[in-house]
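*Asks:* can you look at this prediction? I've put the sequence above it.
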Amino acid sequence: MRTGISMKSLPTEPELARHAFDTDRLAAYLRAQVCDFRGALSVEPFAGGQSNPTYLITAGERRYVLRRKPSGVLLPAAHAVDREYYVMRALADSGVPVPRVYALCEDTSVVGTPFYVMEFIEGRVLWDPSLPGMTPAQRAAVYDELNRVIAALHGVDYRAAGLADFGKPGNYLTRQIERWTRQYRASETETIEAMERLIEWLPAHRPEGEETALVHGDYRIDNVIFHPSEPRILAVLDWELSTLGHPLVDFAYHCMTWRVSPEEFRGLKGHDLRALGIPQEDAYLAAYCRRTGRDVVPHWDYYLVFNMFRMAAILQGILARSRHGTAASADAAETGKRARLMAEAGWRQAKQLES
C-alpha cells in the first residue's frame, strides 16, 4: 500500500513567499472535496521542479500533494495540470504505477490558478542518473525497472482506459516539430544558431511511419518515485506532456540520457557504464524491444535529434519563465541556460546522420 510522495527536494523560504495563497480557502475546498480530509492544514512548497509549483499538504496525520499552474503569463498549452490529473486517474488500475488523485479544481478563486491534489508517496527520487553510492548490481536493477515501466506504459490500451481522445493519432512528429518550434519562438530570448539549423533540418528529414500509444513525454529517472529500499517504481510523476504519440519517440527522449553529458542535461555521456553496472544504450534499447515485441527500431538517431531539439525548446521556456518571474524553481535561470548546450548537442547528432 502506498503511503505518499517523497517529492523532489526540500522547500525554501523564497519559494514559500513566491507561491503563497490563502490556506483557509484551500482547507475549506479540500474538506468539501476530499474524503476524510480533516485537521489543521499546513502547506510547504517543494523546490526543484521546473514547471508547475508543487506543495506538501498536511492535515492531521495525513499528507497530500497539491500541484498547480504557475501565476502570470504562460506559454500556450503549457502547464496542463488538468491533463496530469486525467491521465493519472485513467491509469489507476493499469499496471503503470501512478499516485492516487483526489480532486481537480479549475476554480481560480481557491489558490489563484487551477490545481489538483494527489496522494503523497514515500520513496526515493534519484536525481543523478549515474546513481552514486550504489553497487553495479543495484544500478542495473534500477535501470531494468525504468525500462520495464516505460514498456508497460506503451503497452496500455489507451482506448480501454478512456483516453481515446487524449491526443490526435497520426502525424505525431510533424505536429510535435511545429508545436515545439512555436513554443521556442514564443520564449526566445536570443538567437541560438543550432536551433535555427534544427528547425530547418527536422521537417526536411522527417521519416515516414506512424504508431500510436500513450506516451509520457518527460520520462526520466528523476520523474519517478522508487521504493525506499527496493529497485521498484512506486509512482511515475510529471505527466504534463503526456499525450497519444509515437512510443519510440517517447522512448528516445528517455534514452537521451546516454547521449548527453551531465553538463548538457543530467546525462551519462562520459561515464564508464561498464564499471557502474549501467547498461549501454544499445543493450537498454534491446531490452525495451524484447518487452514490446520489436525486432528493429528504424530512425532511432533521428528520434534522438528531435528530442534534443524538443528539450532545448523546453529549457528555453524555463529560461523565459525565470525572466518573467513565473518559474516554479529558484534555479530556473541556470537550468534554462542549458538550452543552447542541448541545441548544439542535437545539431551535432544531426550532422553525424548526414555524414
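*Replies:* Perfect, I can see it now. Residues are numbered from 1 along each chain as shown.

*Asks:* wasn't Ala28 part of a helix?
*Replies:* Yes. Under DSSP: H, G, I helix; E, B strand; the rest coil, Ala28 sits within a helix.

*Asks:* Ile192 versus that one, what's the distance?
*Replies:* 47 Å (C-beta to C-beta, to the nearest Å). Bear in mind the C-beta positions are built from the backbone N, C-alpha and C, glycine included.

*Asks:* for Leu353, give me its contacts.
*Replies:* His205, Asp301, Tyr302, Val305 (C-beta atoms under 8 Å, 6 or more residues apart in numbering).

*Asks:* what do you get if the cut-off is 10 Å, keeping everything else the same?
*Replies:* Taking C-beta atoms under 10 Å, 6 or more residues apart in numbering, we find Leu353 in contact with Trp201, His205, His299, Asp301, Tyr302, Leu304, Val305.

*Asks:* same thing with Gln316?
*Replies:* Listed by C-beta under 10 Å, 6+ apart, the contact set of Gln316 reads 180, 183-190, 192, 195, 336-340, 342-343.

*Asks:* residue ranges of each domain in the chain, please.
*Replies:* For the chain, automatic domain parsing gives the domain ranges 13-119, 136-354.

*Asks:* quick one: which of these is nearest Leu126?
*Replies:* domain 136-354 (5.3 Å; C-beta to C-beta).

*Asks:* start and end of the closest one, how far apart?
*Replies:* Distance across domain 136-354, first residue to last, is 36 Å (C-alpha to C-alpha, to the nearest Å).

*Asks:* equivalent analysis for stretch 269-284, please.
*Replies:* 15 Å.

*Asks:* and the contacts of that stretch?
*Replies:* 129-132, 134-144, 146-147, 251, 254-263, 268, 285-287, 300, 304, 345.

*Asks:* show me where the stretch 51-200 of the chain has strands.
*Replies:* Under the criterion DSSP state E, counting those that start in this stretch, the stretch 51-200 of the chain contains strands at 54-59, 62-68, 101-105, 115-119.

*Asks:* tell me which of those sits most buried.
*Replies:* strand 115-119 (a mean of 24; mean count of other C-beta atoms under 10 Å).
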